[in-house]
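> No letters, just coordinates:
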């Protein structure tokens, strides 16, 4: 199957595109009902059309007509258990924001249960403010026998919370499609032994090899085959038997595994480096929060190691992993790195653009249309116009992604952006100081005065260059205004660039790109490390002496 990124409301995508019993693992990290704003996009009305706003996503739900319609669908459907559960929750909680959140989750969790294979698993990442309610909803959808664990992930060591204990953990609810033991995929994971445990139990050290080992008893309380014999004059204690056959004992002897006590009783030498470790428990305190090269500046980003652990435990190579709230794409990167197929859904073009860029950084050989496809984004001018008519902010973010531009500060309110929608950053001299190309996007009628306004914004912001992206055709007076802005002379690349440039959506969709200094796309966005193995990364280095220009031409920086 083709790995797929879907742009759109995950409820609609699940119903239209994801087949029943086609997914081995669902991991979802939906926005928590915590009334906090984050910098990745989501604003969700329960069960109805999603409203994307300028903030990346607003972690807020409100009881609206959409929530009421979703509630009606859930309580009048054929699933009696879910219907009674949702109705009871409303009686207890009321028609408020929390209930809107639960209704929004319930209608999606029902679809996620449908798409899971019989041997599949679901991991729902949440915080303690709503986990108890979500567990009730999941019990109603999956059945009481399908609950496996409430996993505690300690995400930080300390947190200041006034008049309460510090909140330092998230909760991950683990459910399986089947209630019958052994029906779901399970690959046992282990954590290393503690230093104290090693010191107490593996205190012996081989002089020649330096290997640590412990001594294990070779007797058993019950017989099981050829276990009643004399071994070099030794017998098990009264009422006990040898735990292994004579043939196995001879094998242990030949391997140098037997260590004898003064009384002549053999013990088995068990090496520390042969033991997998401690079977993984339900409190995960060994995975720190995102930091260093992995940090993409995304407030709710989860560490790659966390997703790798879940995927390794509950899938096999070639299985399908689905993340319906894929955000910055950590589950997708982990699945790709571990040889799994994947499907990701997000409500915003900005998130999809970030994931596409990160996939290119992490997996240079993975190309759109070859290693994966994107469904729901415009592919022609008509689609772009439809997006602009439906949601101009989504159109703006999508357009900026086409040229590798970063949207302006998401905290600014529209109307206070001072004529700038995004920017591209580049470095082209020995100082190493970043320079900017300011970018403006227009989806409606355009004219020459807009170019004059953009030129004023460029000069006010002390930007090196400016770029105008238009959905409508460009007029000659506009081109004249751009031409009159002059030339930007790049000191490092020894090349001249038009200081103001214009490009249409139609041109971009046909492969055209503005002429920008070579390092622009690499500097604008923080680059992700290249995935090279299941246990490590190699960070790509930007070579400013041999980087293709944005129009494909290679240049060299001066040596001065």
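Arrived safely. From a predicted model like this one, the values you see are computed outputs, not experimental measurements.

> which residue ranges form the helices in the stretch 51-200 of the chain?
Per DSSP state H, counting those that start in this stretch, the stretch 51-200 of the chain carries helices over the ranges 65-75, 80-93, 97-115, 131-142, 195-201.

> for the fourth one, which positions count as buried?
Right, helix 131-142. 131, 133-142 (16 or more other CB atoms under 10 Å). All C-beta spots, glycine's among them, are computed from the backbone N, C-alpha and C.

> Also the third one?
When burial is assessed from 16+ other CB under 10 Å, helix 97-115 yields the following buried residues: 97-115.

> can you check the second one too?
Using 16+ other CB under 10 Å as the burial criterion, the residues of helix 80-93 that qualify are 82-83, 85-86, 89-90.

> want to try JSON lines for those residues, with pLDDT and distance to residue 486 as columns?
Below are the buried residues of helix 80-93 laid out as JSON lines (pLDDT from 0 to 100; distance: CB to CB, whole Å):
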{"residue": "82", "pLDDT": "96", "distance to residue 486": "65"}
{"residue": "83", "pLDDT": "96", "distance to residue 486": "68"}
{"residue": "85", "pLDDT": "96", "distance to residue 486": "67"}
{"residue": "86", "pLDDT": "96", "distance to residue 486": "64"}
{"residue": "89", "pLDDT": "96", "distance to residue 486": "64"}
{"residue": "90", "pLDDT": "95", "distance to residue 486": "64"}
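
> Quickly name whichever of these is closest to residue 176.
Using CB to CB, residue 82 is the member of the buried residues of helix 80-93 that lies nearest residue 176, at 17.8 Å.

> Nearest spatial neighbour of that closest one, chain-adjacent residues omitted?
By the measure of CB to CB, 6 or more residues apart in numbering, the closest residue to residue 82 outside its immediate chain neighbours is residue 140, 4.6 Å from it.

> How about the contacts made by the one you found?
When the contact criterion is CB atoms under 8 Å, 6 or more residues apart in numbering, the partners of residue 140 are 79, 81-82, 84-86.

> again, 7 Å this time
81-82, 85 (CB atoms under 7 Å, 6 or more residues apart in numbering).

> Also residue 497?
465, 487-488, 490, 515-516.

> looking at this, it is in a strand?
Yes - according to DSSP: H, G, I helix; E, B strand; the rest coil, residue 497 belongs to a strand.

> partners of it in the sheet?
residue 488 (DSSP bridges).

> Check the one 4 residues further on too.
In this structure, residue 501 has the following beta-bridge partners (DSSP bridges): residue 467.

> residue closest to the middle of this structure?
residue 330 (2.0 Å; CA atoms, centre = their mean).

> Next one: that residue, what pLDDT does it get?
Note on residue 330: pLDDT of 95.

> contact partners of stretch 236-246?
Contacts for stretch 236-246 (CB under 7 Å, 6+ apart): 218-221, 223, 225-229.

> need the helices for the stretch 301-450 of the chain, in chain order.
With DSSP H, counting those that start in this stretch as the criterion, the stretch 301-450 of the chain has helices at 304-314, 330-337, 349-362, 381-390, 392-402, 448-460.

> mind showing which ranges of the stretch 301-450 of the chain have poor pLDDT?
The stretch 301-450 of the chain contains residues with pLDDT under 70 at 409-417.

> since we're on the closest residue to residue 211 other than its chain neighbours, how many residues are nearby?
Of all residues not flanking residue 211 in the chain, residue 271 sits nearest, at 5.4 Å (CB to CB, 6+ apart). Residues lying near residue 271 (other CB atoms under 10 Å) number 15.

> Using the record's domain definitions, break this structure down for me.
For the chain, automatic domain parsing gives the domain ranges 3-190+280-375, 193-274, 381-555.

> If I average pLDDT within each of those, which one is lowest?
Among the domains of the chain, domain 381-555 carries the lowest mean pLDDT, a mean of 79.

> Same list, the buried residues of helix 131-142, but as CSV with distance to residue 124 please.
What follows is these, written out as CSV (distance: CB to CB, whole Å):
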residue, distance to residue 124
131, 9
133, 12
134, 6
135, 9
136, 12
137, 10
138, 7
139, 12
140, 14
141, 11
142, 11
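
> Residue 213 is in contact with the residue nearest to residue 211, correct?
Yes - with contact defined as CB atoms under 7 Å, residue 271 and residue 213 form a contacting pair (4.8 Å).

> For residue 216, grab phi and psi.
Per-residue torsions, residue 216: phi -110, psi 140 (degrees, to the nearest 10).

> For it, name its beta-bridge partners.
residue 268.

> Surely it and residue 266 touch.
No - when contacts are counted by CB under 7 Å, residue 216 is not listed as touching residue 266 (10.4 Å).

> Tell me which of these two has more neighbours.
Legend: neighbour count by other CB under 10 Å for residue 216 and residue 266, higher for residue 266 (21 against 12).

> Quickly list what the closest residue to that one other than its chain neighbours is bridged to.
In this structure, residue 266 finds its nearest non-sequential neighbour in residue 258, 4.5 Å apart by CB to CB, 6+ apart. Going by DSSP bridges, residue 258 is paired in beta bridges with residue 268.

> Report the contact partners of residue 258.
Residues in contact with residue 258 (CB under 7 Å, 6+ apart) are 252, 266, 268.

> any chance of those residues in TSV, with distance to residue 23 too?
Shown next, in TSV, are those (distance: CB to CB, whole Å):
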residue	distance to residue 23
252	46
266	51
268	44
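
> Could you tell me the end-to-end distance of stretch 429-442?
End-to-end span of stretch 429-442 (CA to CA, to the nearest Å): 32 Å.

> Buried by neighbour count: which residues of that stretch qualify?
By neighbour count with 16+ other CB under 10 Å, stretch 429-442 contains the buried residues 435-442.

> Repeat that for stretch 347-356.
347-356.

> before we move on, what about stretch 499-516?
Within stretch 499-516, the residues scored as buried using 16+ other CB under 10 Å are 499-505, 507-508, 513-516.

> quick revisit: need the max-distance pair from the contacts of residue 497.
For these, the maximum inter-member distance is 13.7 Å, found between 487 and 516 (CB to CB).

> picking up where we left off before, for PyMOL, write the select line for the buried members of the contacts of stretch 236-246.
Entered in PyMOL, the line below selects the buried ones among the contacts of stretch 236-246, by 16+ other CB under 10 Å:
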select buried, resi 218+219+227
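
> Rebuild the contacts of stretch 236-246 as JSON lines, extending it with distance to residue 299.
Output for the contacts of stretch 236-246, formatted as JSON lines (distance: CB to CB, whole Å):
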{"residue": "218", "distance to residue 299": "55"}
{"residue": "219", "distance to residue 299": "57"}
{"residue": "220", "distance to residue 299": "55"}
{"residue": "221", "distance to residue 299": "56"}
{"residue": "223", "distance to residue 299": "61"}
{"residue": "225", "distance to residue 299": "60"}
{"residue": "226", "distance to residue 299": "63"}
{"residue": "227", "distance to residue 299": "60"}
{"residue": "228", "distance to residue 299": "66"}
{"residue": "229", "distance to residue 299": "66"}
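
> Distance to residue 275 and secondary structure for the contacts of stretch 236-246 - can I get that in a markdown table?
Below are the contacts of stretch 236-246 laid out as a markdown table (distance: CB to CB, whole Å; DSSP: H, G, I helix; E, B strand; the rest coil):
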| residue | distance to residue 275 | secondary structure |
| --- | --- | --- |
| 218 | 17 | coil |
| 219 | 21 | strand |
| 220 | 20 | strand |
| 221 | 24 | coil |
| 223 | 27 | coil |
| 225 | 25 | coil |
| 226 | 27 | coil |
| 227 | 25 | coil |
| 228 | 30 | coil |
| 229 | 29 | coil |
